[in-house]
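S.K.: output the structure for:
(2 chains)
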Amino acid sequence: MSVTVHIPTPLRQYVGQAETLTIEGKTVGDALHKLTSQYPDLKKHLYSEDGNLRSFINIYVNDEDVRYLERNKTPLKESDEIRIIPSIAGGSAAVAPNVELRPDEILRYSRHLIMPEVGMEGQLKLKAARVLTIGAGGLGSPLALYLTAAGVGKLGIVDFDVVDLTNLQRQILHSTETVGKPKLESARDRLKALNPDVQMELYDAKLTSENALEILKDYDIVADGTDNFPTRYLVNDACVLLGKPNVYGSIFRFEGQASVFGMPGAPCYRCLYPEPPPPGLVPSCAEGGVLGILPGIIGVIQATEVVKLILGKGEPLVGRLLLFDALRMSFRELKLRRDPKCPICSEHRTIHKLIDYNQFCGISPQPQEKLPSDWEIDPVELKDLLDKSERIFLLDVREPQEWQICRIPGAHLIPLGQLPANMNQLNSADNIVAYCRSGVRSGKAVDLLRKSGFQKIKNLKGGILGWADKVDPAVPKY
Amino acid sequence: MSIKVLFFASLADLTGMRETEVDSRAHTSVASIYTKFARDFPRLEEHRASLLYAVNSEFVQPDSPVHDGDEVAFFPPVSGG
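M.R.: Prediction:
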């Protein structure tokens, strides 16, 4: 059987700079044996001294990882394609010669240095590595903290947000003292205190199609800790275009996902989720809530994968989606496949440069359609009417757990999702004022009820947060 | 003669179920199981295009066949960070 072997850039120096070679072989093991007999210099880069394939070398036959086939015994057909994929794309097996550890660093990293999987070689790889984390929030916190503690050479952080009191339940990079400060400043102080040797590069910006390639190009590995779909597709596409591993993590309430995308020959985020959900369908942490510990678990898994990729040890989470459920306290694993029609990572790709990701995710640049102004009522105006004993039916469309936090006295609770089935509890002759936390959900309620014939319903501007600001400061904000 | 069905993230909220079973004789594909639940919970329909489908922990296409004893799981994308 005559097959084509694709040689990755770092290994081409051992095969006379050939990009592809034609080899005869009945099985993968057979073909690789013939390859390394023909090019003996290649052998020690593919096989360890005990004759096993090195752990950071992945072998794909026609885009299938042989670990999921029959490994070395995987049979070959005429004109099959074999790809040799080292764990770090574009990385070099050797560490930069000018990197070494000072005595105090040797002490700091001693628990790494005494392990065979890390050792001096691994610690020097960490010191030479450049990692970019997108976001300094829930996932970015454990990522940045552990990567800094582990002694990566350079850590880049992209974030444009300010620390808010509601962040502290999960974003352990920040503290009560740094509320109100930019997250980057807060992160820098915390990380510098932890390990002053790590070179920090802070990008006070939102990652966009315009700046992404420029920022990402200086890093070996990217860790995605963003909180929205447009940026996730942007990070994916930028990593695929640049050939950089994308260590992905994402969370929702009690559940999280992690994987490593963007490795040559392996699936990317788009292979998994070709289509983004319609805007507003999947709640963010701010809308849906999240268990504070959860980003810790997922972020630490991401940090682990980053470190493994740098060390070239173990089996990376490539071609696998790890799913964690804290309520079930269970991990599941889904085997992933490359989408042969993937618009960015397949041979038939249609995307060759970064696109408009807000548009791709259906997010319009203008704010969502506004209600007519006479469908809205200001909190102060509502207070005046209530004080004048006007008969007003106050409709709270939030969830029961929000109702337990605070409410406007006299209100009636009908969560938005249950409103269509419970309209009979409302009287269209009443003056109704609907409210939620900030006015978005109650805006939908007003729209729905107006369409159902309620002419006297208004939306409380700014929701119960506006009520707390303008009328009753005793109402807690959340 | 049953297939185990798992709902994750917001789908578990929408259906009020994390785990249930369907009769395997009534279904030929992953999509037909989803359709059955979407009849009971119409809001599932909005999620259909962006879902990840799995049978026995393997990522599959919606038209993939299902058999007695299979475990079918529906995963919506999540974006939190």
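
S.K.: can you tell me how far residue A:121 is from residue A:131?
M.R.: Taking C-beta to C-beta, to the nearest Å as the measure, residue A:121 and residue A:131 are separated by 18 Å. C-beta: built from backbone N, CA, C; applies to glycine.

S.K.: more neighbours: which of these two?
M.R.: Just comparing residue A:121 and residue A:131: by other C-beta atoms under 10 Å in any protein chain shown the higher neighbour count belongs to residue A:131, 29 against 12.

S.K.: what's whatever helix or strand the more buried one lives in packed up against?
M.R.: Taking DSSP states H and E as the criterion, residue A:131 maps to strand A:130-134. In this structure, strand A:130-134 makes packing contacts with helix A:140-150, strand A:154-158, strand A:221-224, judged by 3 or more C-beta pairs under 8 Å, 6 or more residues apart in numbering or on different chains; DSSP states H and E.

S.K.: deepest of the ones you listed, which one?
M.R.: For the helices and strands packed on strand A:130-134, the stretch with the most neighbours on average is strand A:221-224, a mean of 28; neighbours defined as mean count of other C-beta atoms under 10 Å in any protein chain shown.

S.K.: immediately after that strand, which helix or strand?
M.R.: Moving on from strand A:221-224 towards the C-terminus, the next helix or strand you reach (DSSP H and E) is helix A:229-242.

S.K.: got the angle between that next one and strand A:154-158?
M.R.: Taking axes from the mean of the first three to the mean of the last three C-alpha atoms, to 10 degrees, one finds that helix A:229-242 is oriented at 140 degrees with respect to strand A:154-158.

S.K.: and residue A:206, how many residues sit next to it?
M.R.: Residue A:206 is surrounded by 12 other residues when neighbours are defined as other C-beta under 10 Å.

S.K.: was I right about it contacting residue A:135?
M.R.: No - at 10.4 Å, residue A:206 and residue A:135 do not qualify as touching, with contact defined as C-beta atoms under 8 Å.

S.K.: what sits against residue A:253?
M.R.: Residues in contact with residue A:253 (C-beta atoms under 8 Å, 6 or more residues apart in numbering or on different chains) are A:288-291, A:294, B:9.

S.K.: read off the pLDDT value for it.
M.R.: In this model, residue A:253 is scored at 92, pLDDT.

S.K.: for residue A:189, which non-adjacent residue is closest in space?
M.R.: Taking C-beta to C-beta, 6 or more residues apart in numbering or on different chains as the measure, residue A:189 lies nearest to residue A:178, with 7.4 Å between them; neighbours along the chain are not counted.

S.K.: typo on my end, it should be residue A:76
M.R.: Spatial nearest neighbour of residue A:76, chain neighbours left out: residue A:1 (4.8 Å); criterion: C-beta to C-beta, 6+ apart.

S.K.: residue contacts, residue 34?
M.R.: This is for chain A. Shown here is residue A:34, whose contacts under the criterion C-beta under 8 Å, 6+ apart are A:23-25.

S.K.: you answered for a different chain; I wanted chain B.
M.R.: The neighbourhood of residue B:34, defined by C-beta under 8 Å, 6+ apart, consists of B:44, B:48, B:51, B:53, B:62, B:74.

S.K.: can you select the buried ones from those in ChimeraX?
M.R.: Once 16 or more other C-beta atoms under 10 Å in any protein chain shown is used to decide burial, the buried members of those can be selected in ChimeraX as follows:
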select /B:44,48,51,53,74
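
S.K.: tell me which of the contacts of residue B:34 is nearest to chain A?
M.R.: residue B:51 (8.6 Å; C-beta to the nearest C-beta).

S.K.: and that closest one, how close does it get to residue A:330?
M.R.: 20 Å.

S.K.: right, and the helix or strand after the longest helix anywhere in chain B?
M.R.: For chain B, the helix with the greatest residue count under DSSP state H is helix B:30-40. Once helix B:30-40 ends, the next helix or strand along the chain (criterion: DSSP H and E) is helix B:44-47.

S.K.: for that following helix, what is the distance to the chain centroid?
M.R.: Computed by C-alpha atoms, centre = their mean, to the nearest Å, the separation of helix B:44-47 from the middle of its chain amounts to 11 Å.

S.K.: one more: stretch A:304-320?
M.R.: 16 Å.

S.K.: mean confidence for the longest helix of chain B?
M.R.: Mean pLDDT, computed over helix B:30-40, is 95.

S.K.: same check, this time on stretch A:437-457
M.R.: 93.

S.K.: could I get the buried residue list for it?
M.R.: Buried positions in stretch A:437-457, judged by neighbour count with 16+ other C-beta under 10 Å: A:437-439, A:441-450, A:454, A:457.

S.K.: now stretch A:325-340
M.R.: Counting neighbours by 16+ other C-beta under 10 Å, the buried set in stretch A:325-340 is A:325, A:332, A:334, A:336-339.
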